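Trainee: Provide a 3D model corresponding to the input given below.
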Amino acid sequence: MTTTTTVSSKNGRIKELIIPITGMHCANCANTVGRGLKRLPGIEAVNVSYANERAIVTYDPKQVTPEQVIKTIESIGYGAALAEVDLPVAGMTCNNCANTITRAIKRLDGVLDVNTSYASERTHVVYLPSMVELSDIKRAVRDAGYRIIEVEGGEQEQMDAEQAARNAEIADKRRKVIVGASLSVPIMILSMAEMVGLPLDFPGRLWIVAALTTVVQAYLGKDYYVSAWKALQNRTANMDTLVAMGSSVAYFYSLAILALGLDPMHYHVYFESAAMILTLITLGKYLEARAKGQAGEAIRALLGLRAKTARIVRGADGEEVEVPVDDVLVGDVVVVRPGEKIPVDGVVIAGQSTVDESMLTGESLPVSKTVGDVVIGGSLNKTGSFRFRATAVGKQTALAQIVKLVQEAQASRAPIQDLADKVSSVFVPAVIALALAVGAYWYFWGAAAYYHHENPLGVALIFMATVLLISCPCALGLATPTAIMAGAGLGARHGILIKNAEALQKAGAVDTVILDKTGTITRGQPTVTDVVEIEGKRSGERALEGSGGHPLPGTNDSQPVAVQSPAHPLSSSPLLYYAASAERASEHPLAEAIVEYARAHGVTPGEAESFNSITGRGVEATVEGHFVLLGNPALMAERGIDLEAVEPEITRLQNEGKTVMAVAVDGELLGLLAVADTVKETSAEAIRQMHALRLRVVMVTGDNRRTAQAIARQVGLDPEREVKAEVLPGAKAEVVRQEQEAGHVVAMVGDGINDAPALALADVGMAIGTGTDVAIETADVILMRGDLRSVPQAIRLSRRTFRTIKQNLFWAFAYNVAAIPVAAGVLVPFFGPHYQLNPMIAAAAMAFSSVFVVSNSLRLRRTQL
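Mentor: Predicted coordinates:
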């Protein structure tokens, strides 16, 4: 491993980065990278080698960060070979623990980014493997006082190990709560016997209480003391520091009074408080651990979908062999029987069945599968048997990618979390300082004024302990991540995959939704609906002589327009022949529709000698020596093709929402083809729901205005205000930019193919997926069902998640703002000494404040979208 060097320079301390570069093809590439990096401020020296594909960068960390260096390399057009790891961590007790782990890992040179979540108990690290090894990262976590949960095997085994560790933690806390309660009850009875009139005042009573409390301190308090000591070693403080200080103040003060033989009636002892503090806080931690475990159920449910074994066909004799699912290879033929889980992704090659994909896509109804259809690993076969050829296995399956996306979303940070984290980072030291100040006040002034019959030191220590115990940094740390975990899990159950918490937050602020028409509002599978041929064009007939048996029909008389339905015999149609021949080389959906329609009607397309696509307008080709032009009316008018004879038909078809294409051969119009992409049944309902959410909806399409307006009317959009027609694919991003410049927060919804720039530019890019399309890079949100109703569901999910986060943060801040002054004794001067808050009540309030936050987040799991 190469280590980072730190040396002195005229600018002070400088550091060195060793970065593996990807994408370099020659020495000039290395020079390009070098020049780009040298433009950054704070770069002392750059040495980029094409031979070993590395850049050695010497830099001033006060002026430039490693992240900026990496981003510069990527902006130039190259890549940096980074490694990422997601490590489950045991031993965290509050958000300050997560901050401690983050700081410990960030101290390692070569670490670029760290995100540690107390809620999910994981740390995600992005690092340069050329500078730091995984073992170094694990060692940093261990040195900080925490434990990595390690296990050999795949994702399922890792999750099983994590769950086992969580279950062990919950069982340990439950055991400690039982022991603590069993001891604290007699401690309370013996301590307060005189106050409640019980005849339990016997010699040695308080020594028995002290002994029982010592057991509680040793058994329940050990974890808090150890954690507080480790935090001190790391020069930080956490929630356990507050608990350890608060309980030990009550315990050791009481023990000192007893050991010195002082009068317990004047010098009060607080053994019962010391015991109940630990018991109540451990009870709160037990309930919190159970609730946090429920927040991660979505991941466990997804992993539970994975089949353990697969039945594959091996050998020439077609023998069926059952193997572990990890042994399935791409290309293997897999056999699936009724009631079995589909082990990996693939394409059906024999048989048919219905498949339940609800847990993966959110689609509630079983989906029919036949030869040529895609099946998704993890879905459940219902009725029939079939065979399929594996196309994706292991971590490449849709299920594995879904799990990865949900994990990343649950572990990611939302911008709203920054304030809570900043407060949490200084919260514990501030509370300790405040507690000391409160103790000093009550010792020097307050006790004499309001508790003149009691020992000032005892009064001061109890007020100080109460302040320490009631302060709760955990609620602040849990407010955002637990809601993100629950929200991301809820989305996954509905087929809504959100890539990160920032996208989840932004989606709630969206006020404008731009919908790409094709494949989003419509099915994306256009079909020919009308064929209109020109009759009686003698010049056209002459132009087509020698055209392979495809002369123009007609007479020498007038030129009326003949409208032919799709059912009309068209096997001898020159219009279809030349249109299909010209479009045969195109991959455009409209072209495929024309070719498929022609073949379905007995027309075999010929070969085009030349082909040229005119983006967004049509095509031109040479077929059997004839120049064929096929395109929209605007293209025809531009090329001088007379459309007067078919203008009424063009108008009628466009008013019906159909795309009209004229076909001309050697400058003569043959006729028209009308193609329509049918509207999805759920599109109108989805748009109605968006309007109900007070969203402005805009449909963008390359179709002409008439066609676009016809579609708009079908789905409930305003044809004048909510339609942008005749927009070329590359111009969709400009539509997004215009809306953003007008002050709108924009969500772009498309298929992630020809609208990728628009998806990337939008505040939130939503891609309509189809089961296996879970890796659309430019999208922030992937809608697995391919159903437009998922868009308002995603918006509602975001709004409800962040309403929950705001409720959590309000509670966490309000609780501390209100509770700490009461614990400090602000009510005593106004209402008397009896309004002193008992440390036991403070401990209970602290414990249950974090339980409230987690429980409030878990309510999201029951939300109906």
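
Trainee: Please report how far Glu596 lies from Ala580.
Mentor: Distance, Glu596 to Ala580, using Cβ to Cβ, to the nearest Å: 9 Å. C-betas here are computed from N, CA, C, even on glycine.

Trainee: give me the low-pLDDT residue ranges for the stretch 351-500 of the chain?
Mentor: Along the stretch 351-500 of the chain, segments meeting pLDDT under 70 span 362.

Trainee: where along it do the helices fall?
Mentor: With DSSP state H, counting those that start in this stretch as the definition, the stretch 351-500 of the chain shows helices at residue ranges 358-361, 398-411, 417-441, 447-450, 456-470, 473-493.

Trainee: Which one of those lies nearest to Leu17?
Mentor: Closest to Leu17 of these, according to Cβ to Cβ: helix 398-411, at 25.3 Å.

Trainee: per-residue confidence at Gly631?
Mentor: Gly631 carries a pLDDT value of 91.

Trainee: let me fix that: Ala567
Mentor: Confidence score, pLDDT, at Ala567: 39.

Trainee: Regarding this protein, what is its longest helix?
Mentor: Identified as the longest helix of the chain according to DSSP state H is helix 155-191.

Trainee: For it, buried residues please.
Mentor: 155-156, 158-159, 161-162, 165-166, 169-170, 173-174, 176-177, 179-181, 183-184, 187-188, 190-191 (16 or more other Cβ atoms under 10 Å).

Trainee: Let me see the residues that make contact with the longest strand seen in the chain.
Mentor: Ranked by residue count, the top strand of the chain under DSSP state E comes out as strand 12-22. With contact meaning Cβ atoms under 8 Å, 6 or more residues apart in numbering, strand 12-22 is reached by 2, 4-8, 30, 33, 44, 48, 53-62, 66, 69-70, 73, 78-81, 109-110, 128-131.

Trainee: Have a look at Glu596 and Ala580 and say which one is more surrounded.
Mentor: Neighbour count, other Cβ atoms under 10 Å: between Glu596 and Ala580, Ala580 has more, with 25 against 15.

Trainee: circling back to that earlier point, which ChimeraX command selects the buried ones in the contacts of strand 12-22?
Mentor: Provided next is the ChimeraX selection string for whichever of those are buried by 16+ other Cβ under 10 Å:
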select :30,33,44,48,53,54,55,57,58,59,60,66,69,70,73,78,80,109,110,128,130,131
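
Trainee: Next step: the contacts of strand 12-22 restricted to helices.
Mentor: Within the contacts of strand 12-22, residues falling in helices by DSSP H are 30, 33, 66, 69-70, 73.

Trainee: got the buried residues for the helix or strand harbouring Ile299?
Mentor: In the assignment (DSSP states H and E), Ile299 maps to helix 297-303. Residues 297-300, 302-303 are the ones in helix 297-303 that count as buried (16+ other Cβ under 10 Å).

Trainee: Please enumerate the strands of the stretch 101-250 of the chain.
Mentor: 111-117, 122-127, 147-148 (DSSP state E, counting those that start in this stretch).

Trainee: Reformat those into JSON lines and put mean neighbour count and distance to Phe611 next to each item.
Mentor: JSON lines is the format used below for the strands of the stretch 101-250 of the chain (neighbours: other Cβ atoms under 10 Å; distance: least, Cβ to Cβ, whole Å):
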{"stretch": "strand 111-117", "mean neighbour count": "21", "distance to Phe611": "47"}
{"stretch": "strand 122-127", "mean neighbour count": "22", "distance to Phe611": "46"}
{"stretch": "strand 147-148", "mean neighbour count": "14", "distance to Phe611": "59"}
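
Trainee: would TSV of those strands with distance to Ile257 and mean pLDDT be doable?
Mentor: Shown next, in TSV, are the strands of the stretch 101-250 of the chain (distance: least, Cβ to Cβ, whole Å; pLDDT from 0 to 100):
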stretch	distance to Ile257	mean pLDDT
strand 111-117	42	88
strand 122-127	45	90
strand 147-148	39	90
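
Trainee: Which one of those strands lies nearest to Gln417?
Mentor: Short answer: strand 111-117, nearest of the strands of the stretch 101-250 of the chain by Cβ to Cβ, at 9.9 Å.
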